[in-house]
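Student: Let's see this in three dimensions:
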Amino acid sequence: MNDDRIQEGTTAWRPRVGGRIDILPAWHDLDEEGRREAFEETVALRKLEAALDPDGLSSTAHAVLDRIRRA
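Tutor: Numbering: from 1, shown residues only. Okay, the predicted model is just below:
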């Protein structure tokens, strides 16, 4: 099941609802196999991001740290 929904599900961006991070809508469109595939692809992408980052952090790690620093 390699389609746009899986690609959408692998992004680090998540919608905000009332100040909290919500589940990505594309995730709901996937069946169990699609969610598993999206998860595995996400893990691989975050490893690549971390390998390319001077601090060894993924985009998700940067987003979390930015939110902590702003709090």
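Student: what comes up buried for stretch 18-31?
Tutor: Leu24, Ala26, Trp27, Leu30 (16 or more other C-beta atoms under 10 Å). Every residue, glycine included, has its C-beta placed from N, CA and C.
Student: In this structure, spot the helix with the most residues.
Tutor: helix 32-52 (DSSP state H).
Student: Tell me the helices and strands packed up against it.
Tutor: Here helix 32-52 touches helix 4-9, helix 59-70, going by 3 or more C-beta pairs under 8 Å, 6 or more residues apart in numbering; DSSP states H and E.
Student: could you check the angle helix 32-52 makes with the last one?
Tutor: For the pair helix 59-70 and helix 32-52, the angle between their directions (axes from the mean of the first three to the mean of the last three C-alpha atoms, to 10 degrees) equals 70 degrees.
Student: ok, residues contacting helix 59-70?
Tutor: Outside helix 59-70, the residues within contact range by C-beta atoms under 8 Å, 6 or more residues apart in numbering are Ala12, Arg46, Glu49, Ala50, Asp53, Leu57.
Student: contacting residues for the residue most central in space within the chain?
Tutor: The chain has Ala12 as the residue nearest its centroid, 3.1 Å off, counting by C-alpha atoms, centre = their mean. Contact analysis of Ala12 by C-beta under 8 Å, 6+ apart lists Arg46, Ser58, Ser59, Thr60, Ala63.
Student: Now, of these, which are buried?
Tutor: Neighbour counting by 16+ other C-beta under 10 Å classes Arg46, Ser58, Thr60 among those as buried.
Student: what about the second one, distance to Arg20?
Tutor: Relative to Arg20, Ser58 is positioned 21 Å away (criterion: C-beta to C-beta, to the nearest Å).
Student: which stretches of the chain aren't confidently modelled?
Tutor: Within the chain, the ranges that satisfy pLDDT under 70 run 1-2.
Student: Touching, Leu30 and Arg5? I think so.
Tutor: Yes - contact criterion C-beta atoms under 8 Å: Leu30 and Arg5 qualify, at 5.8 Å.
Student: okay, and the common contacts of those two?
Tutor: Applying C-beta under 8 Å, 6+ apart, one finds that Leu30 and Arg5 are jointly contacted by Ala38.
Student: All set, thanks.
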